[in-house]
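Asks: model the structure of this input:
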Amino acid sequence: MAGGGGGVTRGGRKKARIEIIPLIDIMFFLLATFVMVSLSMVKNEGVSVMLPGSSTSEAKEKDDSITTVSVAEGGDVYINQEKVTMSQLPLRLSSIKASNPDPKFTLNADSRANFDKVVLVLDEIRKLGVTKIGISTKTRQ
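Replies: Numbering: from 1, shown residues only. As a prediction, the model looks like this:
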């Protein structure tokens, strides 16, 4: 058998072979692991807050045109990680609206934050006539 792929040489010794099936198994395992890790990594543009849970929440693609407004546990308000006071908030939101006639906002409110403060921030955004406002939540198990 000259040059055959049988796995045995003329001297009766076995030839070394590369087993493909275990390699394919490993590749699928690595691919599945990569996909699961990638899906669990969600980039948050706001400050770190403990989001409330929701059974209907969905992961969204990162969009640089969305402005993130966060309300921290202590009531501090942030626009894209920059702290602002409640008196500065209307002016800062107006400047965002002036630079983009159809702005999009995401509201990140800590689940322990004062609900009244969250509603005040939401009202300030809505006073601008903004209709594209999302509220960030985490998926409830």
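Asks: quick one, helices of this structure?
Replies: 20-40, 89-99, 115-127 (DSSP state H).
Asks: what's opposite the residue lying closest to R126 once chain neighbours are set aside in the beta bridge?
Replies: In space, and not counting its chain neighbours, R126 is closest to I133: 7.3 Å by C-beta to C-beta, 6 or more residues apart in numbering. Every residue, glycine included, has its C-beta placed from N, CA and C. For I133, the beta-bridge partners under DSSP bridges are F105.
Asks: give me the low-pLDDT residue ranges for the chain?
Replies: For the chain, the stretches flagged by pLDDT under 70 are 1-9, 41-63, 137-141.
Asks: quick one on the thing from earlier: what would the helices of the chain look like in TSV with mean neighbour count and distance to E73?
Replies: What follows is these, written out as TSV (neighbours: other C-beta atoms under 10 Å; distance: least, C-beta to C-beta, whole Å):
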stretch	mean neighbour count	distance to E73
helix 20-40	9	24
helix 89-99	14	18
helix 115-127	15	10
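Asks: could I get those helices in TSV, plus columns for distance to F105?
Replies: Conversion of those to TSV gives the following (distance: least, C-beta to C-beta, whole Å):
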stretch	distance to F105
helix 20-40	25
helix 89-99	8
helix 115-127	5
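Asks: out of these, which is closest to V69?
Replies: Of all the helices of the chain, the one in closest proximity to V69, counting by C-beta to C-beta, is helix 115-127 (6.1 Å).
Asks: so which elements touch that closest one?
Replies: For helix 115-127, the packing partners by 3 or more C-beta pairs under 8 Å, 6 or more residues apart in numbering; DSSP states H and E come out as strand 66-71, helix 89-99, strand 104-109, strand 133-135.
Asks: now the ones you listed as TSV including distance to F29?
Replies: Converted to TSV, the helices and strands packed on helix 115-127 look like this (distance: least, C-beta to C-beta, whole Å):
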stretch	distance to F29
strand 66-71	35
helix 89-99	45
strand 104-109	35
strand 133-135	35
